[in-house]
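Asks: Please find the sequence and the predicted model below.
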Amino acid sequence: MAEFVGAIDQGTTSTRFMIFDHSGDVKGIHQLEHEQILPQAGWVEHNPVEIWERTTAVVQTALNKTNLTASDLAAVGITNQRETTVVWDRTTGRPLYNAIVWQDTRTDRIASALDRDGRGDVIRQKAGLPPATYFSGGKIQWILENVDGVREAAERGDAIFGNTDTWLLWNLTGGRDGGAHVTDPTNASRTMLMNLETLDWDDELLGFFGIPRSMLPQIQPSSHPSGYGTTRANGPLGGEILLTGDLGDQQAATVGQVCFAPGEAKNTYGTGNFMLLNTGTELVRSKSGLLTTVCYKFGDEPAVYALEGSIAVTGSAVQWLRDQLGIISGAAQSESLARQVEDNGGVYFVPAFSGLFAPYWRSDARGAIVGLSRYNTNAHLARATLESICYQSRDVAEAMEKDSGVALDVLKVDGGVTANELCMQIQADVLGVPVSRPVVAETTALGAAYAAGLAVGFWKNTDELRSNWNESKRWLPQWSDEQRTTGYERWKKAVTRTLDWVDVD
(Lines give C-alpha, C1' and ligand atoms only; values in the text may rest on other atoms or scores of the structure.)
Protein backbone atom coordinates (compact mmCIF):
# COMPACT_ATOMS: atom_id res chain seq x y z
CA MET A 1 0.00 0.00 0.00
CA ALA A 2 1.19 3.54 -0.78
CA GLU A 3 2.66 5.20 2.33
CA PHE A 4 1.94 8.86 1.61
CA VAL A 5 -0.75 11.35 0.57
CA GLY A 6 -0.09 14.45 -1.52
CA ALA A 7 -1.69 17.89 -1.35
CA ILE A 8 -1.63 20.75 -3.84
CA ASP A 9 -2.01 24.04 -1.97
CA GLN A 10 -2.78 26.76 -4.51
CA GLY A 11 -2.66 30.00 -2.53
CA THR A 12 -2.92 33.71 -3.19
CA THR A 13 0.80 34.38 -3.48
CA SER A 14 2.24 30.92 -4.15
CA THR A 15 1.57 27.29 -4.98
CA ARG A 16 3.10 24.37 -3.13
CA PHE A 17 2.96 20.61 -3.11
CA MET A 18 3.28 18.83 0.21
CA ILE A 19 3.64 15.13 0.95
CA PHE A 20 2.44 13.72 4.30
CA ASP A 21 2.87 10.36 5.98
CA HIS A 22 0.26 8.54 8.06
CA SER A 23 1.20 10.51 11.20
CA GLY A 24 0.53 13.79 9.42
CA ASP A 25 4.23 14.64 9.34
CA VAL A 26 5.71 16.41 6.34
CA LYS A 27 7.76 14.15 4.09
CA GLY A 28 8.40 16.66 1.31
CA ILE A 29 7.53 20.16 0.11
CA HIS A 30 8.24 22.56 -2.72
CA GLN A 31 6.78 26.02 -3.18
CA LEU A 32 6.88 28.73 -5.88
CA GLU A 33 5.46 32.24 -5.91
CA HIS A 34 3.48 33.66 -8.82
CA GLU A 35 3.07 37.21 -10.05
CA GLN A 36 0.62 39.63 -8.44
CA ILE A 37 -0.82 41.63 -11.34
CA LEU A 38 -2.14 45.07 -10.29
CA PRO A 39 -3.55 46.77 -13.41
CA GLN A 40 -5.03 49.71 -11.50
CA ALA A 41 -6.02 50.73 -7.98
CA GLY A 42 -8.19 48.06 -6.37
CA TRP A 43 -7.63 45.49 -9.13
CA VAL A 44 -5.75 42.26 -8.35
CA GLU A 45 -5.22 39.53 -10.95
CA HIS A 46 -3.27 36.31 -11.48
CA ASN A 47 -2.28 34.52 -14.66
CA PRO A 48 -4.05 31.11 -14.61
CA VAL A 49 -1.52 29.62 -17.03
CA GLU A 50 1.32 30.65 -14.72
CA ILE A 51 -0.52 29.04 -11.78
CA TRP A 52 -0.88 25.78 -13.73
CA GLU A 53 2.81 25.88 -14.70
CA ARG A 54 3.81 26.53 -11.07
CA THR A 55 1.61 23.62 -9.97
CA THR A 56 3.31 21.30 -12.43
CA ALA A 57 6.74 22.44 -11.26
CA VAL A 58 6.13 22.13 -7.50
CA VAL A 59 4.64 18.63 -7.82
CA GLN A 60 7.53 17.34 -9.90
CA THR A 61 10.19 19.01 -7.74
CA ALA A 62 8.73 17.82 -4.42
CA LEU A 63 8.61 14.24 -5.68
CA ASN A 64 12.15 14.46 -7.04
CA LYS A 65 13.51 15.95 -3.80
CA THR A 66 12.05 13.07 -1.78
CA ASN A 67 12.99 10.34 -4.28
CA LEU A 68 9.32 9.43 -4.56
CA THR A 69 7.08 8.82 -7.54
CA ALA A 70 3.37 9.49 -7.86
CA SER A 71 2.73 5.77 -7.33
CA ASP A 72 3.92 6.25 -3.72
CA LEU A 73 0.84 8.44 -3.11
CA ALA A 74 -2.39 6.79 -2.00
CA ALA A 75 -4.35 9.84 -3.15
CA VAL A 76 -3.99 13.56 -3.82
CA GLY A 77 -6.08 16.46 -2.53
CA ILE A 78 -6.35 20.07 -3.59
CA THR A 79 -6.88 23.21 -1.55
CA ASN A 80 -7.04 26.66 -3.02
CA GLN A 81 -7.53 30.38 -2.70
CA ARG A 82 -11.30 30.62 -2.68
CA GLU A 83 -13.40 33.17 -4.62
CA THR A 84 -10.59 33.85 -7.12
CA THR A 85 -12.36 33.53 -10.44
CA VAL A 86 -11.14 31.87 -13.64
CA VAL A 87 -13.15 31.78 -16.86
CA TRP A 88 -11.71 29.74 -19.72
CA ASP A 89 -12.61 28.15 -23.05
CA ARG A 90 -13.28 24.42 -22.71
CA THR A 91 -12.39 23.81 -26.38
CA THR A 92 -8.99 25.56 -26.39
CA GLY A 93 -8.13 25.28 -22.69
CA ARG A 94 -7.07 28.94 -22.64
CA PRO A 95 -8.22 31.48 -20.06
CA LEU A 96 -10.47 34.17 -21.50
CA TYR A 97 -9.20 36.70 -18.96
CA ASN A 98 -6.77 36.76 -16.06
CA ALA A 99 -8.01 35.27 -12.80
CA ILE A 100 -9.75 37.99 -10.77
CA VAL A 101 -8.46 37.57 -7.21
CA TRP A 102 -10.64 37.55 -4.10
CA GLN A 103 -9.03 40.83 -2.96
CA ASP A 104 -10.10 42.65 -6.13
CA THR A 105 -12.64 45.48 -5.63
CA ARG A 106 -13.68 46.31 -9.22
CA THR A 107 -17.15 44.81 -8.63
CA ASP A 108 -18.10 47.28 -5.89
CA ARG A 109 -20.89 48.78 -8.00
CA ILE A 110 -22.32 45.33 -8.74
CA ALA A 111 -22.33 44.52 -5.02
CA SER A 112 -23.90 47.87 -4.07
CA ALA A 113 -26.66 47.49 -6.67
CA LEU A 114 -27.61 44.11 -5.24
CA ASP A 115 -28.15 45.62 -1.81
CA ARG A 116 -30.14 48.60 -3.07
CA ASP A 117 -33.00 46.64 -4.62
CA GLY A 118 -33.46 43.82 -2.10
CA ARG A 119 -31.60 41.09 -3.98
CA GLY A 120 -28.93 41.25 -1.28
CA ASP A 121 -31.35 39.92 1.31
CA VAL A 122 -32.12 36.91 -0.91
CA ILE A 123 -28.39 36.23 -1.28
CA ARG A 124 -27.90 36.43 2.48
CA GLN A 125 -30.75 33.99 3.07
CA LYS A 126 -29.89 31.47 0.36
CA ALA A 127 -26.09 31.71 0.14
CA GLY A 128 -25.23 32.89 3.67
CA LEU A 129 -23.15 35.76 2.27
CA PRO A 130 -23.54 39.53 2.04
CA PRO A 131 -23.23 41.04 -1.44
CA ALA A 132 -19.54 41.96 -1.56
CA THR A 133 -16.63 42.31 -3.97
CA TYR A 134 -15.03 39.34 -2.19
CA PHE A 135 -17.13 36.60 -3.79
CA SER A 136 -17.05 35.02 -7.24
CA GLY A 137 -20.51 35.84 -8.60
CA GLY A 138 -19.83 39.51 -9.29
CA LYS A 139 -16.45 38.69 -10.81
CA ILE A 140 -18.04 36.29 -13.31
CA GLN A 141 -20.62 38.95 -14.17
CA TRP A 142 -17.86 41.51 -14.71
CA ILE A 143 -16.02 39.19 -17.12
CA LEU A 144 -19.24 38.41 -19.02
CA GLU A 145 -20.00 42.12 -19.38
CA ASN A 146 -16.52 43.51 -20.03
CA VAL A 147 -14.46 40.95 -21.97
CA ASP A 148 -15.27 40.76 -25.67
CA GLY A 149 -16.78 37.48 -26.81
CA VAL A 150 -17.14 35.85 -23.39
CA ARG A 151 -20.91 36.27 -23.14
CA GLU A 152 -21.34 34.65 -26.57
CA ALA A 153 -18.92 31.84 -25.67
CA ALA A 154 -20.84 31.22 -22.45
CA GLU A 155 -24.15 31.03 -24.30
CA ARG A 156 -22.58 28.46 -26.67
CA GLY A 157 -21.38 26.43 -23.67
CA ASP A 158 -17.70 27.04 -24.46
CA ALA A 159 -16.85 29.50 -21.67
CA ILE A 160 -16.72 27.80 -18.27
CA PHE A 161 -16.00 29.03 -14.75
CA GLY A 162 -14.14 27.74 -11.75
CA ASN A 163 -12.21 28.87 -8.73
CA THR A 164 -8.59 27.74 -8.87
CA ASP A 165 -9.45 24.27 -7.51
CA THR A 166 -11.67 23.67 -10.53
CA TRP A 167 -9.04 25.08 -12.93
CA LEU A 168 -6.38 22.71 -11.57
CA LEU A 169 -8.68 19.65 -11.40
CA TRP A 170 -9.74 20.27 -15.00
CA ASN A 171 -6.13 20.46 -16.17
CA LEU A 172 -4.93 17.51 -14.05
CA THR A 173 -7.65 15.23 -15.43
CA GLY A 174 -7.09 16.03 -19.08
CA GLY A 175 -8.02 19.63 -19.72
CA ARG A 176 -9.68 20.07 -23.11
CA ASP A 177 -9.31 16.30 -23.60
CA GLY A 178 -12.08 15.31 -21.19
CA GLY A 179 -11.02 17.18 -18.05
CA ALA A 180 -13.39 16.99 -15.09
CA HIS A 181 -15.29 20.26 -14.52
CA VAL A 182 -15.96 19.92 -10.78
CA THR A 183 -15.76 21.69 -7.44
CA ASP A 184 -16.84 20.98 -3.84
CA PRO A 185 -19.41 22.65 -1.56
CA THR A 186 -16.82 24.68 0.37
CA ASN A 187 -15.70 26.45 -2.79
CA ALA A 188 -19.20 26.64 -4.27
CA SER A 189 -20.44 28.28 -1.07
CA ARG A 190 -18.11 31.25 -1.78
CA THR A 191 -19.72 32.30 -5.05
CA MET A 192 -23.09 33.84 -3.96
CA LEU A 193 -24.56 31.28 -6.39
CA MET A 194 -25.05 28.13 -4.27
CA ASN A 195 -28.02 27.44 -2.02
CA LEU A 196 -26.65 26.39 1.39
CA GLU A 197 -29.58 24.07 2.06
CA THR A 198 -29.66 22.19 -1.27
CA LEU A 199 -25.87 22.36 -1.90
CA ASP A 200 -26.68 23.08 -5.54
CA TRP A 201 -26.55 26.10 -7.83
CA ASP A 202 -29.64 28.26 -7.39
CA ASP A 203 -31.42 29.52 -10.53
CA GLU A 204 -32.69 32.68 -8.82
CA LEU A 205 -29.17 33.60 -7.69
CA LEU A 206 -27.75 32.85 -11.14
CA GLY A 207 -30.38 35.18 -12.59
CA PHE A 208 -29.23 38.04 -10.36
CA PHE A 209 -25.81 37.93 -12.05
CA GLY A 210 -26.89 36.86 -15.55
CA ILE A 211 -24.73 33.72 -15.38
CA PRO A 212 -25.67 30.72 -17.56
CA ARG A 213 -25.84 27.52 -15.51
CA SER A 214 -23.77 25.73 -18.18
CA MET A 215 -20.71 27.72 -17.06
CA LEU A 216 -20.67 26.16 -13.62
CA PRO A 217 -18.84 23.04 -12.40
CA GLN A 218 -20.58 20.04 -10.87
CA ILE A 219 -20.58 20.16 -7.05
CA GLN A 220 -19.19 16.97 -5.50
CA PRO A 221 -18.16 16.03 -1.91
CA SER A 222 -15.03 17.55 -0.33
CA SER A 223 -13.80 14.03 0.42
CA HIS A 224 -14.89 11.88 -2.52
CA PRO A 225 -14.38 8.10 -2.34
CA SER A 226 -14.88 7.57 -6.07
CA GLY A 227 -12.80 10.65 -6.88
CA TYR A 228 -13.23 13.62 -9.20
CA GLY A 229 -11.14 11.86 -11.81
CA THR A 230 -7.70 10.40 -12.35
CA THR A 231 -4.60 12.20 -13.51
CA ARG A 232 -3.45 11.94 -17.11
CA ALA A 233 -0.12 10.51 -18.17
CA ASN A 234 1.15 13.81 -19.55
CA GLY A 235 0.48 15.70 -16.30
CA PRO A 236 2.81 16.34 -13.34
CA LEU A 237 1.55 13.28 -11.43
CA GLY A 238 1.65 10.90 -14.36
CA GLY A 239 -1.33 8.68 -15.08
CA GLU A 240 -4.05 7.09 -12.98
CA ILE A 241 -3.54 8.85 -9.62
CA LEU A 242 -6.93 9.35 -7.93
CA LEU A 243 -7.89 12.90 -6.96
CA THR A 244 -10.19 12.53 -3.94
CA GLY A 245 -9.99 15.70 -1.81
CA ASP A 246 -11.05 19.28 -2.58
CA LEU A 247 -11.47 22.00 0.04
CA GLY A 248 -11.26 25.77 -0.01
CA ASP A 249 -8.16 26.84 1.86
CA GLN A 250 -9.79 27.98 5.10
CA GLN A 251 -12.03 24.96 5.37
CA ALA A 252 -8.97 22.81 4.67
CA ALA A 253 -7.15 24.48 7.57
CA THR A 254 -10.16 23.77 9.80
CA VAL A 255 -9.90 20.08 8.87
CA GLY A 256 -6.12 20.18 9.34
CA GLN A 257 -6.65 21.63 12.82
CA VAL A 258 -9.09 18.72 13.48
CA CYS A 259 -11.94 21.09 14.40
CA PHE A 260 -14.54 18.37 13.85
CA ALA A 261 -16.81 19.14 16.83
CA PRO A 262 -19.32 22.00 17.02
CA GLY A 263 -17.76 24.91 18.91
CA GLU A 264 -14.18 24.22 17.83
CA ALA A 265 -12.48 27.11 16.03
CA LYS A 266 -9.23 27.97 14.28
CA ASN A 267 -7.63 31.11 12.88
CA THR A 268 -5.40 30.96 9.80
CA TYR A 269 -2.82 33.71 9.29
CA GLY A 270 -1.95 34.03 5.63
CA THR A 271 -2.40 36.76 3.03
CA GLY A 272 -5.57 37.49 4.97
CA ASN A 273 -6.90 36.05 8.23
CA PHE A 274 -9.77 33.60 8.40
CA MET A 275 -11.40 32.40 11.60
CA LEU A 276 -13.84 29.50 11.32
CA LEU A 277 -16.13 28.08 13.99
CA ASN A 278 -17.62 24.62 13.39
CA THR A 279 -21.40 24.77 13.94
CA GLY A 280 -22.05 21.11 13.05
CA THR A 281 -24.88 20.17 10.71
CA GLU A 282 -26.81 23.23 11.88
CA LEU A 283 -26.99 26.28 9.61
CA VAL A 284 -26.31 29.27 11.89
CA ARG A 285 -27.15 32.57 10.22
CA SER A 286 -24.97 35.44 11.40
CA LYS A 287 -26.40 38.66 12.79
CA SER A 288 -22.96 40.12 13.52
CA GLY A 289 -21.26 40.45 10.15
CA LEU A 290 -19.93 36.90 9.76
CA LEU A 291 -20.42 34.49 6.88
CA THR A 292 -22.36 31.25 6.99
CA THR A 293 -20.44 28.74 4.92
CA VAL A 294 -19.95 25.02 4.33
CA CYS A 295 -17.13 23.67 6.51
CA TYR A 296 -16.81 20.32 4.70
CA LYS A 297 -18.78 17.43 3.27
CA PHE A 298 -17.23 13.99 3.59
CA GLY A 299 -18.68 11.42 1.18
CA ASP A 300 -22.37 10.70 1.75
CA GLU A 301 -22.41 12.22 5.25
CA PRO A 302 -24.40 15.42 5.85
CA ALA A 303 -22.64 18.69 5.22
CA VAL A 304 -21.02 20.37 8.23
CA TYR A 305 -21.37 24.16 8.40
CA ALA A 306 -19.30 26.96 9.90
CA LEU A 307 -19.39 30.60 10.81
CA GLU A 308 -16.48 32.47 9.28
CA GLY A 309 -14.85 35.81 9.83
CA SER A 310 -12.82 36.80 6.77
CA ILE A 311 -10.19 39.54 6.99
CA ALA A 312 -8.75 40.76 3.69
CA VAL A 313 -5.30 42.06 4.65
CA THR A 314 -3.06 40.65 7.38
CA GLY A 315 0.07 38.87 6.14
CA SER A 316 -0.12 40.92 2.95
CA ALA A 317 0.26 44.06 5.11
CA VAL A 318 3.69 42.72 6.12
CA GLN A 319 4.36 42.04 2.42
CA TRP A 320 3.42 45.68 1.76
CA LEU A 321 6.06 46.85 4.25
CA ARG A 322 8.57 44.82 2.22
CA ASP A 323 7.50 45.41 -1.36
CA GLN A 324 5.92 48.87 -1.43
CA LEU A 325 7.60 50.71 1.48
CA GLY A 326 10.92 48.83 1.49
CA ILE A 327 11.39 49.15 5.28
CA ILE A 328 12.01 45.39 5.69
CA SER A 329 13.81 42.93 3.42
CA GLY A 330 11.71 39.92 4.38
CA ALA A 331 8.74 38.89 6.52
CA ALA A 332 10.98 37.67 9.36
CA GLN A 333 12.49 41.14 9.70
CA SER A 334 9.10 42.56 10.68
CA GLU A 335 9.49 40.78 14.01
CA SER A 336 13.02 41.95 14.75
CA LEU A 337 12.14 45.52 13.74
CA ALA A 338 8.98 45.57 15.87
CA ARG A 339 10.90 44.22 18.85
CA GLN A 340 12.98 47.41 18.89
CA VAL A 341 10.08 49.20 20.61
CA GLU A 342 8.00 48.25 23.65
CA ASP A 343 4.67 49.34 22.18
CA ASN A 344 3.16 50.99 19.11
CA GLY A 345 3.98 54.53 20.24
CA GLY A 346 0.37 55.54 19.69
CA VAL A 347 0.35 54.42 16.04
CA TYR A 348 -2.52 52.33 14.63
CA PHE A 349 -2.50 50.95 11.10
CA VAL A 350 -5.77 49.77 9.56
CA PRO A 351 -4.76 48.00 6.31
CA ALA A 352 -8.10 48.37 4.51
CA PHE A 353 -6.46 48.10 1.08
CA SER A 354 -9.47 46.19 -0.29
CA GLY A 355 -12.06 47.77 1.98
CA LEU A 356 -12.95 46.09 5.25
CA PHE A 357 -14.29 42.55 5.35
CA ALA A 358 -15.78 40.90 8.47
CA PRO A 359 -17.43 42.10 10.57
CA TYR A 360 -17.72 45.53 8.88
CA TRP A 361 -18.23 44.76 5.17
CA ARG A 362 -17.35 48.29 4.05
CA SER A 363 -16.09 48.48 0.48
CA ASP A 364 -15.81 52.28 0.88
CA ALA A 365 -12.97 51.94 3.43
CA ARG A 366 -9.29 52.37 2.56
CA GLY A 367 -6.11 51.94 4.55
CA ALA A 368 -5.04 54.48 7.14
CA ILE A 369 -2.13 55.01 9.52
CA VAL A 370 -3.23 57.21 12.42
CA GLY A 371 -1.72 58.61 15.61
CA LEU A 372 1.61 59.57 14.05
CA SER A 373 3.91 62.04 15.78
CA ARG A 374 7.50 63.14 15.15
CA TYR A 375 8.54 60.57 17.77
CA ASN A 376 7.49 57.56 15.70
CA THR A 377 9.88 55.36 13.72
CA ASN A 378 9.66 52.53 11.23
CA ALA A 379 9.79 50.16 14.24
CA HIS A 380 6.50 51.61 15.52
CA LEU A 381 4.93 51.09 12.08
CA ALA A 382 6.18 47.49 12.04
CA ARG A 383 4.69 46.94 15.49
CA ALA A 384 1.40 48.59 14.45
CA THR A 385 1.27 46.28 11.43
CA LEU A 386 1.54 43.18 13.63
CA GLU A 387 -1.05 44.63 16.01
CA SER A 388 -3.43 45.25 13.09
CA ILE A 389 -3.42 41.52 12.38
CA CYS A 390 -4.36 40.80 15.98
CA TYR A 391 -6.97 43.53 16.42
CA GLN A 392 -8.78 42.49 13.25
CA SER A 393 -8.87 38.94 14.62
CA ARG A 394 -10.38 40.25 17.85
CA ASP A 395 -13.10 42.04 15.84
CA VAL A 396 -14.04 38.68 14.35
CA ALA A 397 -13.76 36.73 17.62
CA GLU A 398 -16.18 39.12 19.32
CA ALA A 399 -18.69 38.80 16.46
CA MET A 400 -18.37 35.02 16.61
CA GLU A 401 -19.14 34.98 20.33
CA LYS A 402 -22.25 37.13 19.75
CA ASP A 403 -23.57 34.80 17.04
CA SER A 404 -22.73 31.47 18.66
CA GLY A 405 -22.86 32.25 22.36
CA VAL A 406 -19.54 30.39 22.65
CA ALA A 407 -16.60 32.26 24.20
CA LEU A 408 -13.09 31.32 23.12
CA ASP A 409 -11.07 29.57 25.78
CA VAL A 410 -8.09 28.99 23.49
CA LEU A 411 -7.38 29.99 19.88
CA LYS A 412 -5.83 27.41 17.56
CA VAL A 413 -3.66 29.17 14.99
CA ASP A 414 -1.89 28.16 11.79
CA GLY A 415 -0.40 29.68 8.66
CA GLY A 416 2.81 31.47 7.78
CA VAL A 417 2.44 34.45 10.14
CA THR A 418 2.41 32.11 13.15
CA ALA A 419 6.19 31.84 12.71
CA ASN A 420 6.28 35.43 14.00
CA GLU A 421 6.39 34.78 17.73
CA LEU A 422 5.94 38.44 18.68
CA CYS A 423 2.75 38.58 16.62
CA MET A 424 1.40 35.48 18.37
CA GLN A 425 2.21 36.98 21.77
CA ILE A 426 0.39 40.17 20.80
CA GLN A 427 -2.57 38.03 19.67
CA ALA A 428 -2.80 36.40 23.10
CA ASP A 429 -2.52 39.84 24.73
CA VAL A 430 -5.21 41.42 22.53
CA LEU A 431 -7.67 38.51 22.96
CA GLY A 432 -6.93 37.70 26.58
CA VAL A 433 -6.88 33.94 25.89
CA PRO A 434 -4.05 31.47 25.17
CA VAL A 435 -2.93 31.00 21.58
CA SER A 436 -1.92 27.48 20.49
CA ARG A 437 0.15 26.57 17.42
CA PRO A 438 0.36 22.94 16.23
CA VAL A 439 3.56 21.13 15.25
CA VAL A 440 2.45 21.23 11.60
CA ALA A 441 1.58 24.92 11.20
CA GLU A 442 0.76 24.61 7.49
CA THR A 443 -2.56 22.94 8.18
CA THR A 444 -4.17 24.07 4.92
CA ALA A 445 -2.29 21.49 2.88
CA LEU A 446 -2.65 18.96 5.70
CA GLY A 447 -6.45 19.34 5.62
CA ALA A 448 -6.53 18.69 1.87
CA ALA A 449 -4.40 15.59 2.44
CA TYR A 450 -6.74 14.43 5.23
CA ALA A 451 -9.80 14.83 2.96
CA ALA A 452 -8.09 12.86 0.19
CA GLY A 453 -6.79 10.15 2.52
CA LEU A 454 -10.10 9.65 4.33
CA ALA A 455 -11.77 9.01 0.97
CA VAL A 456 -9.52 6.03 0.18
CA GLY A 457 -9.19 4.62 3.71
CA PHE A 458 -5.61 5.83 4.24
CA TRP A 459 -7.01 7.20 7.50
CA LYS A 460 -9.98 5.34 8.95
CA ASN A 461 -11.87 8.21 10.58
CA THR A 462 -11.56 11.64 12.14
CA ASP A 463 -10.60 10.16 15.53
CA GLU A 464 -7.45 8.86 13.90
CA LEU A 465 -6.73 12.37 12.61
CA ARG A 466 -7.18 13.85 16.08
CA SER A 467 -4.42 11.61 17.39
CA ASN A 468 -2.03 13.26 14.89
CA TRP A 469 -2.54 16.77 16.34
CA ASN A 470 0.23 17.97 18.65
CA GLU A 471 0.91 21.40 20.11
CA SER A 472 4.18 23.09 19.22
CA LYS A 473 3.89 26.25 21.32
CA ARG A 474 1.40 28.13 23.48
CA TRP A 475 1.39 31.87 24.21
CA LEU A 476 -0.31 33.18 27.37
CA PRO A 477 -1.73 36.73 27.75
CA GLN A 478 0.58 39.21 29.44
CA TRP A 479 -1.28 42.51 29.13
CA SER A 480 -3.38 43.89 31.96
CA ASP A 481 -7.14 44.24 31.42
CA GLU A 482 -6.65 48.01 31.21
CA GLN A 483 -4.02 47.70 28.47
CA ARG A 484 -6.29 45.36 26.55
CA THR A 485 -9.35 47.60 26.84
CA THR A 486 -7.52 50.83 25.99
CA GLY A 487 -5.73 49.32 23.01
CA TYR A 488 -8.93 47.91 21.55
CA GLU A 489 -10.87 51.15 22.01
CA ARG A 490 -8.16 53.04 20.13
CA TRP A 491 -8.18 50.41 17.41
CA LYS A 492 -11.93 50.82 16.90
CA LYS A 493 -11.44 54.58 16.77
CA ALA A 494 -8.79 54.11 14.06
CA VAL A 495 -11.19 51.94 12.05
CA THR A 496 -13.70 54.81 11.91
CA ARG A 497 -11.05 56.94 10.18
CA THR A 498 -10.95 54.57 7.20
CA LEU A 499 -14.69 54.68 6.40
CA ASP A 500 -16.42 56.67 3.63
CA TRP A 501 -13.12 57.23 1.82
CA VAL A 502 -14.25 55.86 -1.56
CA ASP A 503 -17.55 56.89 -3.11
CA VAL A 504 -19.53 53.75 -3.97
CA ASP A 505 -22.54 54.29 -6.25
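Replies: Cool, got the structure. Numbering: from 1, shown residues only.
Asks: switch to C-alpha atoms for all contacts and neighbour counts from now on
Replies: Fine.
Asks: Residue ranges in the stretch 1-150 of the chain under the pLDDT threshold?
Replies: By pLDDT under 70, the weakly predicted segments of the stretch 1-150 of the chain are 1.
Asks: Just the strands from it, written as ranges.
Replies: Shown for the stretch 1-150 of the chain, the strands assigned by DSSP state E, counting those that start in this stretch span residues 4-10, 14-20, 26-33, 45-46, 73-80, 86-89, 99-100.
Asks: Next, count neighbours for Asn234.
Replies: Applying other Cα atoms under 10 Å, we find 11 residues neighbouring Asn234.
Asks: try the one 3 residues further on
Replies: Per other Cα under 10 Å, the neighbour tally for Leu237 reads 22.
Asks: Surely it is within a strand?
Replies: No - read with DSSP: H, G, I helix; E, B strand; the rest coil, Leu237 is coil and lies in no strand.
Asks: Distance of it relative to Ala113?
Replies: 45 Å (Cα to Cα, to the nearest Å).
Asks: Got the phi and psi for Tyr450?
Replies: Backbone torsions for Tyr450, taken as degrees, to the nearest 10, come to phi -60, psi -40.
Asks: Report pLDDT for it.
Replies: With respect to pLDDT, Tyr450 scores 97.
Asks: So for the helix ranked longest in the chain, what gets flagged as buried?
Replies: What stands out as the longest helix in the chain, according to DSSP state H, is helix 378-404. If you call a residue buried by 16 or more other Cα atoms under 10 Å, then helix 378-404 has these buried ones: 378-400, 403-404.
Asks: got it, and stretch 483-490?
Replies: Neighbour-count burial for stretch 483-490, counted by 16+ other Cα under 10 Å, picks out Arg484, Gly487, Tyr488.
Asks: What of stretch 225-236?
Replies: Across stretch 225-236, burial judged by 16+ other Cα under 10 Å covers Pro225, Gly227, Tyr228, Gly229, Thr230, Thr231, Arg232, Gly235, Pro236.
Asks: which residues does the last one contact?
Replies: Going by Cα atoms under 8 Å, 6 or more residues apart in numbering, Pro236 touches Thr56, Ala57, Val59, Gln60, Leu172.
Asks: Ranking by neighbours, what's the top pick from those residues?
Replies: Leu172 (27 neighbours).
Asks: Now do the same for that residue: its pLDDT.
Replies: Confidence at Leu172, expressed as pLDDT, is 95.
Asks: can you tell me how far it sits from His181?
Replies: 11 Å.
Asks: Ok, Lys139 next?
Replies: Lys139 sits 19 Å away from His181, going by Cα to Cα.
Asks: between these two, which one's more packed in?
Replies: Comparing Lys139 with His181 by other Cα under 10 Å, the one with more neighbours is Lys139, at 28 against 25.
Asks: Show the contacting residues for that one.
Replies: Lys139 makes contact with Thr85, Ile100, Thr107, Thr133, according to Cα under 8 Å, 6+ apart.
Asks: Now rank those residues by neighbours and give me the top one.
Replies: Thr85 (29 neighbours).
Asks: shouldn't that one be in contact with Asp165?
Replies: No - counting by Cα atoms under 8 Å, Thr85 does not reach Asp165; the two are 10.1 Å apart.
Asks: can you list contacts of the host helix or strand of Thr486?
Replies: In this assignment (DSSP states H and E), Thr486 forms part of helix 481-496. Helix 481-496 is contacted by residues Tyr348, Phe349, Val350, Ala368, Val370, Tyr391, Asp429, Val430, Leu431, Gly432 when judged by Cα under 8 Å, 6+ apart.
Asks: From the residues you listed, which land in strands?
Replies: Tyr348, Phe349, Val350, Ala368, Val370 (DSSP state E).
Asks: For the third one, the count of nearby residues, please.
Replies: In other words, Val350. 29.
Asks: all numbers from here: first residue = 167
Replies: All set: I'll call the first residue 167, so the last point we hit is now Val516.
Asks: what's the distance between it and Cys461?
Replies: For Val516 relative to Cys461 (Cα to Cα), the value is 29 Å.
Asks: do the second one as well
Replies: Summarising the geometry, the distance separating Phe515 from Cys461, computed by Cα to Cα, is 31 Å.
Asks: Comparing the two, which residue is more hemmed in?
Replies: Cys461 (31 against 26).
Asks: pretty sure that one contacts Gln417?
Replies: Yes - counting by Cα under 8 Å, Cys461 touches Gln417, with 5.4 Å between them.
Asks: shared neighbours, these two?
Replies: Common contacts of Cys461 and Gln417, defined by Cα under 8 Å, 6+ apart, comprise Thr352.
Asks: Please identify the helix or strand for Asn433.
Replies: Following DSSP H and E, one finds Asn433 within strand 431-435.
Asks: can you put the buried residues of stretch 649-656 in CSV and add distance to Gln499 and pLDDT?
Replies: Conversion of those to CSV gives the following (distance: Cα to Cα, whole Å; pLDDT from 0 to 100):
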residue, distance to Gln499, pLDDT
Arg650, 26, 96
Gly653, 24, 97
Tyr654, 25, 97
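Asks: and which of these is nearest Glu474?
Replies: Tyr654 (21.1 Å; Cα to Cα).
Asks: Make sure Met381 is actually in contact with Ala325.
Replies: Yes - Met381 is within contact range of Ala325, at 6.3 Å (criterion: Cα under 8 Å).
Asks: quick one, which of those two is more surrounded?
Replies: Using other Cα under 10 Å, the more surrounded residue of Met381 and Ala325 is Ala325, with 27 against 22.
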